[in-house]
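# How does the following fold in three dimensions:
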Amino acid sequence: MSIKAFLPYIFLFLSSFNVQGQTSYSSYETVPALNLANPRAVIPTMDIPFESRCTPVVEGYLKTYFLLKREHAKTIVGRSVIYFPLFEKLLKENNMPDALKYLAITESALKPRAISRVGAGGLWQFMPETGRHYGLNISSKVDDRFDPEKATQAAIEYLRKYHAKYGDWALAIASYNSGPGRVRRAIKRSGSKNFWRLKKFLPRETRSYVPGFIAAAYLMKYYDVHGIKPNYPSLDMQLTDATTVRHNLSFHTIAKVTGIALNVIRDLNPAYLKDEIPTHYNPNKGYRLVLPKRVMGAMNSYLSMLQKNEIHESHLLDQKVYAFTPSEQTDEEMYYQSIYTVGQGENLNDLAKTFNTSLQCVLAWNNLVSPNVMPGKQIKLFQIAKYTQFPADREPIYVEKIPQKSANLIWDYMPPNALKEDDEMMMYTIKRGESIIDIIEQYPNNSLKEIMELNELSLESPPSAGMKIKIKK
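Numbers count the residues shown, from 1 in each chain. This is a model prediction of the structure:
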């Protein structure tokens, strides 16, 4: 695991002559003044699991983020909408501090295929031998260090092990950078298990590593204070789903089935090095495939037909494969926007669950840094306007929105209804954790509006697990 932690010293020197504001390298933006009074005041009180100090090295990192490399900072904050929901979920499941997610910024700037000069790779920058020790598969075709979920779980195992050993999260983080041997020797030489007391006995890079973590946490909590406007990825990168693949499958085939460009498939599945899922390595368990949620129904239909030998490559011959998302394809064509007025006693966490998305997405769509909002606040939300099915109809399936049963909801447009009047009905039992959106992905002849009205449902009385509802086959 590696980080060029000496960089803040260079940036500290370069920027020390002017922290009052300057014209950016970009002619389109004027960099606001960097007032260090705010970080100096709030860093000691930040919610991170060890003593937090605003040292000169921390300030050096902050000058990098807010003065010298603002575009880099905007990209980091933007990428968080993809990876932070996963980090938060896994950390919570493992009873680990939520703030540990900031370590991936220090390690890789949230680039899943990042490679260091010494060969550490992925969001969490595992060296090959360390990655294999923590159960990551590394071969010529698959490198689990680049798999966001598997690498995060491995990082959690490492941090948990060394927190149990040292009883201190700062030392577990320092060990992540320098290795446990150097931390052990520093503890012995200093006679202390306090990072700030023993840091002078650690390598220079590690001395800067914990301050780098503190600066990353400050960036994510207070970027708006310093005028950072995140560069968020497309909605296809934000609203995703996963399925299991048990047959060798090339990215070109996936692109033909779904209409998704190769660059998006690669970005969502960085562990596959050869543009294919080589399931012969693990045919029983299979491999995870992540795609935009709007096309997952088509992918699952194809995989089901493949499993039953009901599909032939001729079904795909005429389908185009795009290397990059066509410039004329915009989020507005595939997603619809609604405005929701927050009611008394409501919070953004519950709102995100209601609309089957993540809190990070809701915050990003509304330029918010905190989930705490006052009643009456209008929140912008995005949901899928059309789903792709395969193979009978290559045209998208349009899905109507939840009807306006509550005064809190305002929809900006209503897409056309693609339901057929002669479809037969069936009773469907809702599974644990399943939403109406999930059901529509499996049965795209249904719309949200019809399911809600047919079963007398509303936002105030959503269906629960075990409930039977009427849907069209």
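# what's the nearest residue to Phe126 if we skip its chain neighbours?
The shortest distance from Phe126 to any non-neighbouring residue, by CB to CB, 6 or more residues apart in numbering, is to Arg145 (4.7 Å). For every residue, glycine as well, the C-beta is placed using N, CA and C.
# how many neighbours does the one you found have?
29 (other CB atoms under 10 Å).
# OK, contacts around it?
121-122, 124, 126, 128, 131, 136, 138, 151, 271 (CB atoms under 8 Å, 6 or more residues apart in numbering).
# Now restrict these to buried residues only.
Among these, those classed as buried by 16 or more other CB atoms under 10 Å are 121-122, 124, 126, 131, 136, 138, 151, 271.
# Any figure for the gap between the residue nearest to Phe126 and Ile43?
Noted for Arg145: a distance of 31 Å to Ile43, by CB to CB, to the nearest Å.
# any idea how far Glu332 is from Phe382?
From Glu332 to Phe382 the distance is 10 Å (CB to CB).
# tell me which strands and helices the lengthiest helix in the chain is in contact with?
Of all the segments of type helix in the chain, defined by DSSP state H, the longest one is helix 70-93. Judged by 3 or more CB pairs under 8 Å, 6 or more residues apart in numbering; DSSP states H and E, helix 70-93 is in contact with helix 103-108, helix 148-166, helix 204-222, helix 235-238, helix 359-365.
# Ala33: which of the ones you listed is closest?
helix 204-222 (14.7 Å; CB to CB).
# So if I had to pick from Glu332 and Phe382, which one is more boxed in?
Of the pair Glu332 and Phe382, Phe382 is the one with more neighbours under other CB under 10 Å, namely 21 against 11.
# That one belongs to a strand, doesn't it?
Yes - when DSSP: H, G, I helix; E, B strand; the rest coil is applied, Phe382 is found to be in a strand.
# Which strand residues bridge it?
Bridge pairing for Phe382 (DSSP bridges) gives the partners Gln337.
# Low-confidence regions, the chain specifically.
1-29, 280-283, 311-315, 317, 328, 391-424, 432-433, 458-466 (pLDDT under 70).
# so the nearest residue to Asp47 once chain neighbours are set aside, which of the three states?
Excluding the flanking residues, the one nearest Asp47 by CB to CB, 6+ apart is Ala99, at 6.5 Å. Local secondary structure at Ala99 is given as helix here, using three-state DSSP.
# Ala109: neighbour count?
Ala109 has 17 nearby residues by other CB under 10 Å.
# check contacts around it.
72, 75-76, 79.
# ok, of those, which one's closest to Leu348?
Arg79 (20.3 Å).
# I figured that closest one hits Leu110, correct?
Yes - proximity of Arg79 to Leu110 meets the contact threshold set by CB atoms under 8 Å, at 3.9 Å.
# Show me the common contact partners of those two, please.
Common neighbours of Arg79 and Leu110 (CB under 8 Å, 6+ apart) do not exist.
# quick one on the thing from earlier: keep only those of the contacts of Arg145 that are in strands.
Among those, none falls in strands (DSSP state E).
# Let's have these in JSON lines, adding distance to Val183.
Below are these laid out as JSON lines (distance: CB to CB, whole Å):
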{"residue": "Gly121", "distance to Val183": "23"}
{"residue": "Gly122", "distance to Val183": "22"}
{"residue": "Trp124", "distance to Val183": "18"}
{"residue": "Phe126", "distance to Val183": "18"}
{"residue": "Pro128", "distance to Val183": "22"}
{"residue": "Gly131", "distance to Val183": "20"}
{"residue": "Leu136", "distance to Val183": "23"}
{"residue": "Ile138", "distance to Val183": "25"}
{"residue": "Ala151", "distance to Val183": "22"}
{"residue": "Ala271", "distance to Val183": "30"}
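# okay but Lys101 is in contact with Leu86, surely?
No - using CB under 8 Å, Lys101 is not in contact with Leu86; the gap is 9.0 Å.
# higher neighbour count, these two?
Regarding Lys101 and Leu86, a neighbour count based on other CB under 10 Å identifies Lys101 as having more, with 24 against 17.
# show me the contacts for that one.
Contacts of Lys101 (CB under 8 Å, 6+ apart): 83-84, 87-88, 91.
# most neighbours, which of these?
Per-residue neighbour counts (other CB under 10 Å) across the contacts of Lys101 peak at Phe87, which has 26 neighbours.
# ok, now which ones touch that residue?
Here Phe87 is in contact with 100-101, 104, 152 (CB under 8 Å, 6+ apart).
# what about the residue nearest to Phe126, distance to Thr388?
31 Å.
# Now do the helices in the stretch 201-350 of the chain.
204-222, 235-238, 251-258, 262-268, 296-307, 331-334, 348-354 (DSSP state H, counting those that start in this stretch).
# most tightly surrounded among the ones you listed?
helix 204-222 (a mean of 23; mean count of other CB atoms under 10 Å).
# Report the residue ranges of every domain in the chain.
Split into domains by automatic domain parsing, the chain comes to 7-226, 236-316, 331-472.
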